[in-house]
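The following block contains a protein sequence and its predicted model.
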Number of protein chains: 4
Amino acid sequence: MSATHALAPAWQVGQWFNCRQPLKLERMRGRIVVLHAFQMLCPGCVSHGVPLAERVHRQLAGDDLVVVGLHTVFEHHAAMTPVALEAFLHEYQITHPVGVDAHAPGVAIPLTMASYGLRGTPSMVVIDHLGRIRMHEFGKVDELLLGSMLGKLQAEAAAGRENHSA
Amino acid sequence: MSATHALAPAWQVGQWFNCRQPLKLERMRGRIVVLHAFQMLCPGCVSHGVPLAERVHRQLAGDDLVVVGLHTVFEHHAAMTPVALEAFLHEYQITHPVGVDAHAPGVAIPLTMASYGLRGTPSMVVIDHLGRIRMHEFGKVDELLLGSMLGKLQAEAAAGRENHSA
Amino acid sequence: MSATHALAPAWQVGQWFNCRQPLKLERMRGRIVVLHAFQMLCPGCVSHGVPLAERVHRQLAGDDLVVVGLHTVFEHHAAMTPVALEAFLHEYQITHPVGVDAHAPGVAIPLTMASYGLRGTPSMVVIDHLGRIRMHEFGKVDELLLGSMLGKLQAEAAAGRENHSA
Amino acid sequence: MSATHALAPAWQVGQWFNCRQPLKLERMRGRIVVLHAFQMLCPGCVSHGVPLAERVHRQLAGDDLVVVGLHTVFEHHAAMTPVALEAFLHEYQITHPVGVDAHAPGVAIPLTMASYGLRGTPSMVVIDHLGRIRMHEFGKVDELLLGSMLGKLQAEAAAGRENHSA
């Protein structure tokens, strides 16, 4: 809750799946955002990261919490195209919104991945209702700790709304 | 948070493991209590219930949260004795406190199990910082939902402490 | 061992990975062949079929037994290209030989898949040392039963070699 | 198949479960015997050893193969009594025959465990149709390798029967 929490950078996304219009981080203020970065051919993403994000979406998403996937392709670019991603999302029955992280010409690491300083995939970033980064984790995330952190942020956001309206 | 949450009944325990002195629910006021009822020969307890309780203990327990096991033997009484339970706790490296639910003579269902109205094992009961039952679940518990509920209760307890001290 | 076991049809493969030259079924006579058909974006293949085939390769393959993967793409053709398959095999550390099942123009089901009458992916076909189909299974395969069948076929092939050389 | 395979020692068992009369190894000649030693409070036995033995029993047991459990209690003797074992077998739905390894007065290691030189639990011993020890493994057993070995021994036993009858 300290003033030292960095503000989450805007997303630079070329294409969205599972949502009607492009999502903007700045329009998420007031909600907790669980952002998970993955690659469709990364084994740890397929076995842990993506299913966990989908479970958070199905169990905890609502007016105060949203889950957003980010396809941060930094290798095998010819294999992990948007058309391949679309087939992947269909086959794995992923229903939460997923954006394709944009690339600068000739740069392997995509733009949003670079601006968040992600080390690889899977990565999970939790952004609070004021747009601040509260968790930033590379690799397998513990469900109990994640759930507990999200519950606290939800309570914090609810208290913030009450104070605001008072 | 409604006034309708029932107060958790006191525990009737004959013997404790993993703690220096008997635990009393009434001395837990101010802390969240995760109470899990199990039997050492119940397969669902061994594969899910007990390991989950131990994980909550190792990941989330502290000044504001405590995990307590309750050995609620209601079948195979000759097999699941306190000496057998002690060997079980040792072999499975259980470090959180565990009490043996007491029996009235000739009654299969033990006393605390009956007073809480538990349907079987494993069961999990979450008691808030005011001693009220906030969750009551039989069978496999979802880790994400449990974590989220505990995070909210921890935030609630912290807010209560702040209000109290103000 | 009956005369009614159908002979396994030849493979029609456009491209091979993990082997120096194209594999031909007719050159496999004398060896047991474990043929597993998969698609790289089929969840059951990724979680069960492909890892099982790789385990059979690492544990049981040798002079008398060979494991061959067959990428039988019958949906999402634009996503599951050979270049995508190559990235998949690299990321999942698959070391056994894998062929890309060939297509007739405009036909979704590839040629070898059709000639073997496979119902979908993952599928496993076990071919004995005389080129006969001895097992044909769609979906998850039991490891114990598969191991037992392969052990029997290996013993049968060894007995055949002894009789032949006598 | 070498003459160097040791003959399996006789079993010294005080009590049997899941069978109508005591089993004797010497009456098993002609059949493959999968003997698995376990303790009901050994975590590796409960999660891997015992379920694997039960799967072998349900999938592969028959006229030529039998699965036998051996409760080799060498610690926590007061906890792992026959009455406790009976409850365990009931709760875990174990249907294969299980014998209680006998003790010499005042000796922690039971008699059959000592005569087989087992290092601990779980242990698996595979005995061929001539009563010879062909596999002897402590810890987690690979299902594929176990299945393959049993398939080979079954083929060997069948060939032995044919030669005998000729």
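Everything's here; your move. These numbers were taken from a predicted model, which means no experiment stands behind them. Numbering: from 1, shown residues only, chains lettered A, B, ... in the order given.

In three-state terms, label residue A:22 for me.
coil (DSSP: H, G, I helix; E, B strand; the rest coil).

Need the phi and psi values for it.
Backbone geometry at residue A:22, expressed as degrees, to the nearest 10, gives phi -50, psi 140.

hang on, it packs against residue A:14?
No - the criterion here is Cβ atoms under 8 Å, and residue A:22 misses it with residue A:14 at 9.7 Å. For every residue, glycine as well, the C-beta is placed using N, CA and C.

Residues in contact with both of the two, list them for me.
residue A:99 (Cβ atoms under 8 Å, 6 or more residues apart in numbering or on different chains).

and the nearest residue to residue A:127 once chain neighbours are set aside, bridged to which residues?
Excluding its sequence neighbours, the residue lying closest to residue A:127 (Cβ to Cβ, 6 or more residues apart in numbering or on different chains) is residue A:33, at 4.2 Å. Residue A:33 forms beta bridges with residue A:66, residue A:127, as assigned by DSSP bridges.

quick one: residue A:33 from residue B:141, how far?
26 Å (Cβ to Cβ, to the nearest Å).

One more: residue A:42?
30 Å.

what about the most centrally placed residue in chain A, which SS state?
What sits nearest the mean C-alpha location of chain A, by Cα atoms, centre = their mean, is residue A:35, with 1.3 Å. Secondary structure, three-state DSSP: residue A:35 is strand.

Leaving out sequence neighbours, find the closest residue to residue A:155.
Per Cβ to Cβ, 6+ apart, closest to residue A:155 is residue B:155, 3.3 Å.

for chain B, what are the nearby residues on chain A?
A:55-56, A:59-60, A:142-156, A:159 (Cβ under 8 Å from any Cβ of the partner chain).

Show me those that map onto helices.
A:55-56, A:59-60, A:143-156, A:159 (DSSP state H).

just the buried members of the residues you listed?
Using 16 or more other Cβ atoms under 10 Å in any protein chain shown as the burial test, these include A:55-56, A:59-60, A:143-156 as buried.

measure the residue nearest to the centre of chain A to chain C for me?
According to Cβ to the nearest Cβ, to the nearest Å, residue A:35 stands 23 Å off from chain C.

Can you tell me what sits against the helix or strand bottoming out on mean pLDDT in chain A?
Least confident helix or strand of chain A, by mean pLDDT, DSSP states H and E, is helix A:143-165 with a mean of 90. Contacts to helix A:143-165, defined as Cβ under 8 Å, 6+ apart, come from residues A:1, A:30-32, A:34, A:52, A:56, A:60, A:64-65, A:124, A:126, A:128-130, A:134-135, B:55-56, B:59-60, B:143-156, B:159.

Tell me which residues touch the residue nearest to residue A:36 when sequence neighbours are not counted, please.
With sequence-adjacent residues excluded and distances taken as Cβ to Cβ, 6+ apart, residue A:36 is closest to residue A:53, at 4.2 Å. Listed by Cβ under 8 Å, 6+ apart, the contact partners of residue A:53 are A:34, A:36, A:38, A:67, A:69, A:96, A:124.

does the fifth one really touch residue A:50, like I thought?
Which is residue A:69. Yes - between residue A:69 and residue A:50 there is a contact at 7.3 Å, judged by Cβ under 8 Å.

anything in contact with each of these two?
Common contacts of residue A:69 and residue A:50 (Cβ under 8 Å, 6+ apart): A:36, A:38, A:94.

Buried subset of the residues you listed as a ChimeraX selection?
To isolate the buried members of the shared contacts of residue A:69 and residue A:50 in ChimeraX, using 16+ other Cβ under 10 Å:
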select /A:36,38,94
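
Please tabulate the shared contacts of residue A:69 and residue A:50 in a markdown table, including the columns pLDDT and distance to residue A:119.
Below are these laid out as a markdown table (pLDDT from 0 to 100; distance: Cβ to Cβ, whole Å):
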| residue | pLDDT | distance to residue A:119 |
| --- | --- | --- |
| A:36 | 98 | 14 |
| A:38 | 98 | 13 |
| A:94 | 98 | 23 |
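
and of the shared contacts of residue A:69 and residue A:50, the nearest to chain C?
Closest approach between these and chain C, by Cβ to the nearest Cβ: residue A:94, at 10.9 Å.

how about the closest one, phi and psi?
With angles defined as degrees, to the nearest 10, residue A:94 sits at phi -90, psi 130.

So residue A:52 belongs to a helix, correct?
Yes - remark: residue A:52 belongs to a helix, assigned using three-state DSSP.

how much space between it and residue A:34?
From residue A:52 to residue A:34 the distance is 9 Å (Cβ to Cβ).

shared neighbours of these two, which are they?
Common neighbours of residue A:52 and residue A:34 (Cβ under 8 Å, 6+ apart) are residue A:124.

So which of the two has more stuff around it?
residue A:34 (26 against 22; other Cβ atoms under 10 Å in any protein chain shown).

Next one: that one, what pLDDT does it get?
Residue A:34 is assigned a pLDDT of 98 by the prediction.

nearest residue to it other than its sequence neighbours?
Nearest residue to residue A:34, sequence neighbours excluded (Cβ to Cβ, 6+ apart): residue A:67, at 4.7 Å.

wait, what's in contact with residue A:52?
By Cβ under 8 Å, 6+ apart, the neighbours of residue A:52 are A:36, A:124, A:141, A:143, A:146.
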